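*Asks:* have a look; sequence and predicted model below, questions after that.
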There are 2 protein chains.
Amino acid sequence: MLDVEMLTVGKELLIGRTVNTNAAWVGGRLARAGSMLSRVTTVDDDLDEISTSLREAIARRPDFIIVVGGLGPTPDDMTLKGLARGLGVPLKPNPTALRLVKEHYAERGLAGVEMTKARRKMAILPAGSDPVRNEAGTAPGVRLRAGRTVIFSLPGVPAEMRSIFRRTVEPELLAKLGSLHRKYVRLKLEGVLESALAPAIAKELREHPSAYIKSHPRGTREGVSRIELDVAVVGKVRDAVESEGEAIAADMAAWVRAAGGTVISSPSGARGRGA
Amino acid sequence: MLDVEMLTVGKELLIGRTVNTNAAWVGGRLARAGSMLSRVTTVDDDLDEISTSLREAIARRPDFIIVVGGLGPTPDDMTLKGLARGLGVPLKPNPTALRLVKEHYAERGLAGVEMTKARRKMAILPAGSDPVRNEAGTAPGVRLRAGRTVIFSLPGVPAEMRSIFRRTVEPELLAKLGSLHRKYVRLKLEGVLESALAPAIAKELREHPSAYIKSHPRGTREGVSRIELDVAVVGKVRDAVESEGEAIAADMAAWVRAAGGTVISSPSGARGRGA
């Protein structure tokens, strides 16, 4: 497992204007690769908040910190300034980043657009940064190091964040992670209370301490309790991962049936997602 | 303004299984009341993670910490244990909470249901807690104090979280906040680049330093850039708040038109949301 933190920056996330789908998307990509996010922190577009939360994250010594948001041209886009302050390095015009910004305008048929202060701002990076090409927008991403931790700073616009993540961040994460396999089964249960299921999950976790077994209550339909039960196993040996995941799902399904409940989707019908 | 932090607990938020709509919902309620969340932290269902992130939040001395998730009966629901550890107090069976749990089962026609260990767990609270009635589910909410900070711990199921928030948390927040008015205008702009808008926003913010002015790029339609521009002003005097918000929106709309862009929804047509 990698230790990966996310730092999402933007007032729109704190005032309920935008739901943090970027965190869920990155979390899902990591989970599919057999890892997970260890923490997500959301702060305001504010120099103190950004620099302080970055320093706190670095002090926890994760493998990666993925910073999202606040790379644009407007005055409230201050993530790069916040990162520079947090790392104690100056901001410097980066010629490669400036070329990437100009190329982006040229591709949009705006080759002659004046490079105003606001536009140049997107190419002024913390010293020691490597700019990362943004194929879906103007502001380049940034790659930095702080001790053992690699920091990526990505735009908050989801299409741009995803594009840079897929093209540049994910390959580096996967290379560091090595190859892991993952078996994932979801059981849909009816007619059993979550509080009755709890001791059965506890018992199964004692027998399979590294597995992930979690119930999600999904309300009631015509007075009958509905629960989704997720089972996930991650490991290096594909066959062992597959069989452990199936065994746990079969145990849980047998317990539910014995308790008088119904298993709507059976473990044999569920599909595992490979790494 | 109140200083309110949120601590959202749950592996499902870190593996992309669930989008953190609870944070957006609470952020929106606070914003409408003229305040905002200062930070959202998401951690795993893990005793160390919960207790550490709680202690970090308390050290920032906010007015409120709203903890969401992990109050259910299953073994991975360990928020109350994590809060107790973070506060350095023991867990204790709470008779009022146990009565609330029993009443909930009785209301569902399960008056005789056995009070198993898993069910009793929902009524074992950190010492010093006040249980809070959950009208939409089984696990009671919890209210606690740590120095100047009031801590609410709420279930993660959105309907239950919202029900307890509206009924118990929000009235206490509003009482502490006092009465503030808020003017909110959203302008839809076309045909102007965000990088061109940036210096106009900066100038406006120099004239109205306490206002909130933020552009959100919304892509292009038929090659024309689209931007949403949010303007918000908060204050104690209703007329002053209204007129400052309208003046800023009018300034920005005039600038966009002078720059050759279009304002789709005019400031006079936008509605302010009262506090």
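*Replies:* The structure has been received and is ready for your questions.
*Asks:* drop to CA atoms for contacts and neighbour counts, all remaining ones
*Replies:* Noted.
*Asks:* does chain B sit close to the longest strand along chain A?
*Replies:* If you go by DSSP state E, chain A has its longest strand at strand A:224-235. No. Judged by Cα under 8 Å from any Cα of the partner chain, strand A:224-235 stays clear of chain B, getting no closer than 10.0 Å.
*Asks:* pull out the buried positions in the helix or strand following that strand.
*Replies:* Using DSSP states H and E, the helix or strand that directly follows strand A:224-235 along the chain is helix A:238-258. Across helix A:238-258, burial judged by 16 or more other Cα atoms under 10 Å in any protein chain shown covers A:Val241, A:Glu242, A:Glu244, A:Gly245, A:Glu246, A:Ile248, A:Ala249, A:Ala250, A:Met252, A:Ala253, A:Val256.
*Asks:* roughly how far is stretch A:20-28 from the heart of the chain?
*Replies:* 5 Å (Cα atoms, centre = their mean, to the nearest Å).
*Asks:* what residues are up against A:Ala57?
*Replies:* A:Glu5, A:Ile65 (Cα atoms under 8 Å, 6 or more residues apart in numbering or on different chains).
*Asks:* quick check, pLDDT for it.
*Replies:* Here, the pLDDT recorded for A:Ala57 equals 97.
*Asks:* one more: A:Glu228?
*Replies:* Reported pLDDT for A:Glu228: 91.
*Asks:* just give me the neighbour total for it.
*Replies:* A total of 19 residues lie near A:Glu228 under the criterion other Cα atoms under 10 Å in any protein chain shown.
*Asks:* my guess is it meets A:His216, correct?
*Replies:* Yes. Counting by Cα atoms under 8 Å, A:Glu228 touches A:His216, with 5.1 Å between them.
*Asks:* related to what we said a few turns ago, which strands and helices sit next to the longest strand of chain A?
*Replies:* Applying 3 or more Cα pairs under 8 Å, 6 or more residues apart in numbering or on different chains; DSSP states H and E, we find strand A:224-235 packed against strand A:181-190, strand A:212-221, helix A:238-258.
*Asks:* which one of these lies closest to A:Arg166?
*Replies:* strand A:181-190 (19.5 Å; Cα to Cα).
*Asks:* can the closest one be said to contact chain B?
*Replies:* No. Using Cα under 8 Å from any Cα, strand A:181-190 stays clear of chain B, with a minimum separation of 11.6 Å.
*Asks:* mind saving the C-alpha coords of that strand as PDB?
*Replies:* Below are the C-alpha coordinates for strand A:181-190, written out as PDB (Å, rounded to 0.1, in the frame of the first residue of the first chain):
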ATOM      1  CA  HIS A 181      -4.300  -8.000  -7.500                       C
ATOM      2  CA  ARG A 182      -7.700  -7.100  -6.000                       C
ATOM      3  CA  LYS A 183     -10.900  -9.100  -5.600                       C
ATOM      4  CA  TYR A 184     -14.000  -7.100  -5.000                       C
ATOM      5  CA  VAL A 185     -17.500  -8.500  -4.300                       C
ATOM      6  CA  ARG A 186     -20.700  -6.700  -3.500                       C
ATOM      7  CA  LEU A 187     -23.600  -8.500  -1.900                       C
ATOM      8  CA  LYS A 188     -27.100  -7.000  -1.800                       C
ATOM      9  CA  LEU A 189     -28.900  -8.200   1.300                       C
ATOM     10  CA  GLU A 190     -32.500  -8.000   2.400                       C
END
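*Asks:* run the angle between that strand and strand A:212-221 for me.
*Replies:* Using axes from the mean of the first three to the mean of the last three Cα atoms, to 10 degrees, one finds that strand A:181-190 and strand A:212-221 are set 30 degrees apart in direction.
*Asks:* pLDDT score assigned to A:Val233?
*Replies:* pLDDT, read off for A:Val233, is 89.
*Asks:* likewise for A:Glu194?
*Replies:* 89.
*Asks:* now swap in A:Ala275 and tell me
*Replies:* 31.
*Asks:* could the helices and strands packed on strand A:224-235 go into TSV alongside mean pLDDT?
*Replies:* What follows is the helices and strands packed on strand A:224-235, written out as TSV (pLDDT from 0 to 100):
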stretch	mean pLDDT
strand A:181-190	89
strand A:212-221	84
helix A:238-258	95
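*Asks:* quick one: those as JSON lines, columns for distance to A:Ala106 too.
*Replies:* Output for the helices and strands packed on strand A:224-235, formatted as JSON lines (distance: least, Cα to Cα, whole Å):
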{"stretch": "strand A:181-190", "distance to A:Ala106": "43"}
{"stretch": "strand A:212-221", "distance to A:Ala106": "49"}
{"stretch": "helix A:238-258", "distance to A:Ala106": "48"}
